[in-house]
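J.: quick one: sequence plus predicted model below, questions after.
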Number of protein chains: 2
Amino acid sequence: MKQSLKQIPGSVTAPQGFLASGVFCDIKRLGTGKGSNKGKKRDLALILSEVPATVAGMFTTSQVCAAPVKISTPRAHQGRAQAIVVNSGNANACTGAQGLRDAQQMTELVAKTFRLPIEHVLVASTGRIGVTLPMPNVKRGIQAAAGLLNTFPENAHQVAEAIMTSDTRPKEIAVEFKLDGRIVRIGGVCKGAGMIQPGMSPSGARPATAPHGGLHATMLGFITTDAAIESKTLQAALAEAVANSFNRITVDGDMSTNDTVIVLANGMAGNSTITRARRAELAQFQAALNHVCLELAKMIVRDGEGVSRFVTVRVNGAKSFADADAAARAVANSSLVRTSWFGGDPNWGRILGALGYSPAKIVEGKIDVAYSAPAGKKLLYALKQGQPTKTSFDALCKMAAQKEFDLHINLNLGKSNAVIYAADLTEEYVDFNKGDVSDPASLGG
Amino acid sequence: MKQSLKQIPGSVTAPQGFLASGVFCDIKRLGTGKGSNKGKKRDLALILSEVPATVAGMFTTSQVCAAPVKISTPRAHQGRAQAIVVNSGNANACTGAQGLRDAQQMTELVAKTFRLPIEHVLVASTGRIGVTLPMPNVKRGIQAAAGLLNTFPENAHQVAEAIMTSDTRPKEIAVEFKLDGRIVRIGGVCKGAGMIQPGMSPSGARPATAPHGGLHATMLGFITTDAAIESKTLQAALAEAVANSFNRITVDGDMSTNDTVIVLANGMAGNSTITRARRAELAQFQAALNHVCLELAKMIVRDGEGVSRFVTVRVNGAKSFADADAAARAVANSSLVRTSWFGGDPNWGRILGALGYSPAKIVEGKIDVAYSAPAGKKLLYALKQGQPTKTSFDALCKMAAQKEFDLHINLNLGKSNAVIYAADLTEEYVDFNKGDVSDPASLGG
């Protein structure tokens, strides 16, 4: 199945029937009085399907959730939508009643422009917390973006740029595969670099069986596909894809008030509509969606604020998934483990320390710790059954000096596994996030 | 009551009948082949009571706990002891059966020297994880320290120095107060700078009702008193004092495998033995012990690795203590909040973000956030009922620019409160902890 999945150029305009654009409208109010806007990073984007699409969404489970999340969640639940409007530079979070009116107005402006029902327009925001949106700028931005909508790859690229905040590069992907003899495409863009440990659910509600330590970025992800798929099936497919991708990453352990992933499926590929009953087709679609989400999620970690190393933490042999997840997150979020990764230091003492205080059940004398190349089969053991191996310190250092490596932890207590995609903690992260109080516009979420 | 509590010079030898010493015996095996040991930091210490004392202890609740913790926990439970031996430079953690034999032998060497029952000697270690102790050096150290035991303040100071690892300064305190017409003294030393978020219990067992997020340094604390106090009463008093001091601090959110606080009470002050029934005397002793533990705990945070600011996070109005504690820890351990403190940035958006993902029940529209001087009554509100106040950004910045300030969060949902003593996250912390792989001796827990 995977063999038939082909990576193609472009992103959200790669599937048939999707238009996009991104513009600069000065959401941060840097001032545009004099001169042109040339060279300014875009900060507002539109994605539009030529025809009404099925829609699904995953939203932050933070108890402090931004106005756009409150507006988009019920609309994603209705299952039908046609457009997404998104801005960077301002999260429209902690903005009270005015924030809700502004988010609502953003969707209203788009709906009027394209003569859509307002409920068919979703909205997302990222940037500073606690400041209301400059609505005249937003309005100008939406009008300008509407006039520039097109299906070119360059238009999708504008979206990827417009949603960036502290990201150093745009994040895009597109794939195609065959279904019912038809070519189906999925394209996606995302953003996120700090405040990253998403824990999203379809309704923003926390699952009753939340993993130990709770769910824990602003990350935004927008996915388009020309597949025909029934809306509840699409929601279940997105939930599964996010659970194994965006909800498995951490940069700094901070979950955001704005995390959002939205998928639009407009059916223009002409395949027979995918439903839960059509298992083979669903499996193919799921595999493609999983691939798109996982690749986008990894791009976020690799481009995380100040990140110099990408570490895949693999916990095996836990008593339960909750334990495996808690153990992996304790290691992936430990300041001491993450600074040792920055130093290229294969410090298994700090790893055992983090496992020791994790809520996961562990037995010191049973733990194996090993390193490998990314997705490598050859494991270099540092610890077996809780005891240091004869592996040379130099060999371990060589592995930990790589830009990317896998850390394998086997608790040897059960059959449950969990993976967390993590990053090191660097001086650059601290420098970046300490802000500049002389420039209030630089501060915030 | 507090008025009668007097701070006096010295520390663990201030109470009657306590001797102490600290020596350099090269636990890290830096090599001492040539020349003298002058100028080398001491790394092994002894504390001895002239007579058998009651003892109580609090130990890490990490599931990976060091050999000295395993040896000392049951001995503290027996309620009687006379000596403590402690080393820095090596945590004797993750050292298997050999580690247990070494910890046992340390106590045996002390017991033989002073003709004590072996169970009357407790042991503690701090330093690198996963390396066995250089026992010939330890043995030389114990012999040398035994020969130097004395009651001078300088001897207590040697202990404070010998237990330091990444600490930049020794941490000592002593107080005296009157009980039954007798002068009673309590003295203490402690160490700790990184891997600091202790969660200790008397048995090392996690309480069934662990606060959300679990319990979370190596920190070591040794307290001596000449008060006469019954052993179970002493254990309860220590548990209360630690719950409100060492268990309320965090530097980096990492709990250690070695956290230990031990108190010896030798009764030489001549007061009538304190029991639970003697409420007034117990209250006086408790207040003094609380003061000693809290002052020592704050010294750890102020001297935390790379710490430039000391922030007291006060959460009020929570539905339960578990919620108040979880909310305070979420804020105090957030990388984004801590880097904003480093920058002197009164970033309430990140504070709301951390509260949002905390497992504590919160309602965004009810939260007040304010700043004050340390223990100050005049609150400067940044946020009331979830909305920004008219307080000027400059005024908030001025407060956040202080080396020490209090952060007040009122959830306005209930009557429970919690305080966490926290620190900023700095480039110096990252630089210090990234280690130096060219020098394996610099690495570890």
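T.: Great, that's in hand. Remember, it's a predicted structure, so these values are computed and weren't measured experimentally.
J.: lowest confidence element among the helices and strands of chain A?
T.: Lowest on mean pLDDT, DSSP states H and E among the helices and strands of chain A sits strand A:200-201, with a mean of 82.
J.: residues in contact with the closest residue to A:Lys40 other than its chain neighbours?
T.: Closest residue to A:Lys40 apart from its sequence neighbours, by Cβ to Cβ, 6 or more residues apart in numbering or on different chains: A:Phe24 at 4.3 Å. All C-beta atoms are positioned from the backbone trio N, CA, C, and that covers glycine. The contact partners of A:Phe24, by Cβ atoms under 8 Å, 6 or more residues apart in numbering or on different chains, come to A:Asn37, A:Lys40, A:Lys41, A:Arg42, A:Asp43, A:Leu44, A:Gly141.
J.: what's the farthest-apart pair in the residues you listed?
T.: Greatest spatial distance among those (Cβ to Cβ): A:Lys41 and A:Gly141, at 12.8 Å.
J.: of the two, who's got more company?
T.: Neighbours around A:Lys41 and A:Gly141, counted as other Cβ atoms under 10 Å in any protein chain shown, are more numerous at A:Gly141. The numbers are 27 against 13.
J.: burial count for A:Ile183?
T.: Neighbourhood size, A:Ile183 [other Cβ under 10 Å]: 16.
J.: for it, what are its contacts?
T.: Counting by Cβ under 8 Å, 6+ apart, A:Ile183 touches A:Glu176, A:Phe177, A:Ala269.
J.: for those, which one is nearest B:Gly130?
T.: A:Phe177 (48.1 Å).
J.: low-confidence ranges, chain A, go.
T.: A:1-3, A:31-39, A:206-217, A:436-445 (pLDDT under 70).
J.: domain parsing for it?
T.: If you go by automatic domain parsing, the domain ranges for chain A are A:2-302, A:310-425.
J.: pipe those domains into CSV and attach distance to B:Gln78 per row.
T.: Output for these, formatted as CSV (distance: least, Cβ to Cβ, whole Å):
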stretch, distance to B:Gln78
domain A:2-302, 34
domain A:310-425, 25
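J.: the contacts of A:Ile183 in strands, which ones?
T.: Using DSSP state E, the subset of those located in strands is A:Glu176, A:Phe177.
J.: any chance of the contacts of A:Ile183 in a markdown table with distance to chain B and neighbour count as columns?
T.: Shown next, in a markdown table, are those (distance: Cβ to the nearest Cβ, whole Å; neighbours: other Cβ atoms under 10 Å in any protein chain shown):
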| residue | distance to chain B | neighbour count |
| --- | --- | --- |
| A:Glu176 | 37 | 20 |
| A:Phe177 | 36 | 21 |
| A:Ala269 | 38 | 22 |
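J.: before we move on, back to that, quick one: strands adjacent to the least confident helix or strand of chain A?
T.: strand A:44-60 (antiparallel) (DSSP bridges).
J.: between the very next helix or strand once past the strand it pairs with and strand A:44-60, how big is the angle?
T.: Proceeding N to C from strand A:44-60, the next assigned helix or strand is helix A:67-78, under DSSP states H and E. Computed by axes from the mean of the first three to the mean of the last three Cα atoms, to 10 degrees, the angle separating helix A:67-78 from strand A:44-60 equals 70 degrees.
J.: flag every buried residue along helix A:67-78.
T.: Buried residues in helix A:67-78, counted by 16 or more other Cβ atoms under 10 Å in any protein chain shown: A:Ala67, A:Pro68, A:Val69, A:Lys70, A:Ile71, A:Ser72, A:Thr73, A:Arg75, A:Ala76.
J.: just checking, what packs against that helix?
T.: Applying 3 or more Cβ pairs under 8 Å, 6 or more residues apart in numbering or on different chains; DSSP states H and E, one finds that helix A:67-78 makes contact with strand A:44-60, helix A:96-114, strand A:121-128, strand A:260-265.
J.: assign A:Tyr421 to helix, strand or coil.
T.: On the three-state scheme (DSSP: H, G, I helix; E, B strand; the rest coil), A:Tyr421 is labelled strand.
J.: report the beta-bridge partner residues of it.
T.: As for beta bridges, A:Tyr421 partners with A:Ile249, A:Thr312 under DSSP bridges.
J.: show me the contacts for it.
T.: Residues near A:Tyr421 by Cβ under 8 Å, 6+ apart: A:Arg248, A:Ile249, A:Thr250, A:Ala297, A:Lys298, A:Val301, A:Phe310, A:Val311, A:Thr312, A:Val313.
J.: could you dump these into JSON lines with distance to B:Ala277 and neighbour count added?
T.: Formatted as JSON lines, the contacts of A:Tyr421 follow (distance: Cβ to Cβ, whole Å; neighbours: other Cβ atoms under 10 Å in any protein chain shown):
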{"residue": "A:Arg248", "distance to B:Ala277": "56", "neighbour count": "26"}
{"residue": "A:Ile249", "distance to B:Ala277": "57", "neighbour count": "26"}
{"residue": "A:Thr250", "distance to B:Ala277": "52", "neighbour count": "25"}
{"residue": "A:Ala297", "distance to B:Ala277": "62", "neighbour count": "27"}
{"residue": "A:Lys298", "distance to B:Ala277": "64", "neighbour count": "18"}
{"residue": "A:Val301", "distance to B:Ala277": "60", "neighbour count": "22"}
{"residue": "A:Phe310", "distance to B:Ala277": "61", "neighbour count": "21"}
{"residue": "A:Val311", "distance to B:Ala277": "57", "neighbour count": "26"}
{"residue": "A:Thr312", "distance to B:Ala277": "59", "neighbour count": "21"}
{"residue": "A:Val313", "distance to B:Ala277": "53", "neighbour count": "24"}
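J.: burial of the closest residue in space to A:Glu50 that isn't next to it in sequence, as a residue count?
T.: Of all residues not flanking A:Glu50 in the chain, A:Gly17 sits nearest, at 4.2 Å (Cβ to Cβ, 6+ apart). Residues near A:Gly17, counting by other Cβ under 10 Å, number 18.
J.: A:Gly17 and A:Arg185: what is the separation?
T.: 10 Å (Cβ to Cβ, to the nearest Å).
J.: joint contacts of the two?
T.: Common neighbours of A:Gly17 and A:Arg185, counting by Cβ under 8 Å, 6+ apart, are A:Asp226.
J.: list the contacts of the spatially closest residue to A:Ile262 that is not a sequence neighbour.
T.: Spatial nearest neighbour of A:Ile262, excluding adjacent residues (Cβ to Cβ, 6+ apart): A:Gly57 at 4.7 Å. Residues near A:Gly57 by Cβ under 8 Å, 6+ apart: A:Ser72, A:Thr73, A:Ala76, A:His77, A:Leu122, A:Pro202, A:Gln235, A:Leu238, A:Thr260, A:Val261, A:Ile262, A:Val263.
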